[in-house]
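[1] predicted structure and sequence below. I'll ask about it afterward.
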Amino acid sequence: MTTVRSTLPDDARKVACEALQDTLVELLGLSLVGKQAHWNVVGPRFRSIHLQLDEVVTATRDFADTVAERSAALGVPPDGRPETIAKAFTLPAPAEGWVRDSDAVQVMVEALQEAVGRLRERIDATEKADPVTQDLLIAITAELEKQRWMFDAENFPR
């Protein structure tokens, strides 16, 4: 079988593709967390949170595709199989069943906060290895920080 050759040296490719794979797992997991909460959210803020959850799902799915394609372009096949996500995903997620609107907001704030922290570590790790991958991770971080802020704003008393 022929493989895609990378434009990066092996050591830089390893750093970049590990960061990309970890990010792929988190983005796909976040999209599932968002959809699970979207389907099951209940409470007085149902509609606004229901719609906001779809924004997160769309953003994470779009970025997951870009991340996977970046990995492939560097010569490393991305792994987004369900068993990979189930085994490696460790961000907070909602409980089974109906999810109170306030609980949905809290779990999204926590999951996005943790994802952003991990992305910042990957941004640092890819600085010298691959600025192109670093730039992608910076863009993802900016979007997830925005989404986190929007959910966190829901926590303020009315």
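    Received it, and whenever you're ready, just let me know what you need.
[2] from residue 46, how far off is the closest residue to residue 103 other than its chain neighbours?
    Of all residues not flanking residue 103 in the chain, residue 94 sits nearest, at 6.7 Å (C-beta to C-beta, 6 or more residues apart in numbering). To be clear about C-beta, it is placed using only N, CA and C from the backbone, and glycine gets the same treatment. In this view, residue 94 and residue 46 are 14 Å apart by C-beta to C-beta, to the nearest Å.
[3] so what's the residue count around residue 12?
    Look at residue 12: counted by other C-beta atoms under 10 Å, it has 17 neighbours.
[4] the residue nearest to residue 103 - how many residues pack around it?
    Per other C-beta under 10 Å, the neighbour tally for residue 94 reads 22.
[5] quick check: phi and psi on it?
    Phi and psi for residue 94, reported as degrees, to the nearest 10, are phi -70, psi 160.
[6] repeat for residue 90
    phi -130, psi 10.
[7] what's the answer for residue 41, then?
    phi -70, psi 140.
[8] for it, give me its contacts.
    Residues in contact with residue 41, defined by C-beta atoms under 8 Å, 6 or more residues apart in numbering, are 49-50, 53, 98-101, 104.
[9] run the last query once more with 6 Å
    The contact partners of residue 41, taken as C-beta atoms under 6 Å, 6 or more residues apart in numbering, are 49-50, 99, 101, 104.
[10] and these, which two are the farthest apart?
    Maximum pairwise distance in the contacts of residue 41, criterion C-beta to C-beta, is 10.7 Å, between 50 and 99.
[11] neighbour-wise, which of these two wins?
    Between residue 50 and residue 99, counted using other C-beta under 10 Å, the more crowded position is residue 99 (23 against 17).
[12] for the more buried one, give its distance to residue 33.
    Plainly put, residue 99 is 11 Å away from residue 33 if you go by C-beta to C-beta.
[13] swap in residue 54?
    13 Å.
[14] who's more crowded, those two?
    residue 33 (26 against 13).
[15] skipping adjacent residues, who's closest to the more buried one in space?
    Leaving out its chain neighbours, the residue that sits closest to residue 33 by C-beta to C-beta, 6+ apart is residue 93, at 4.7 Å.
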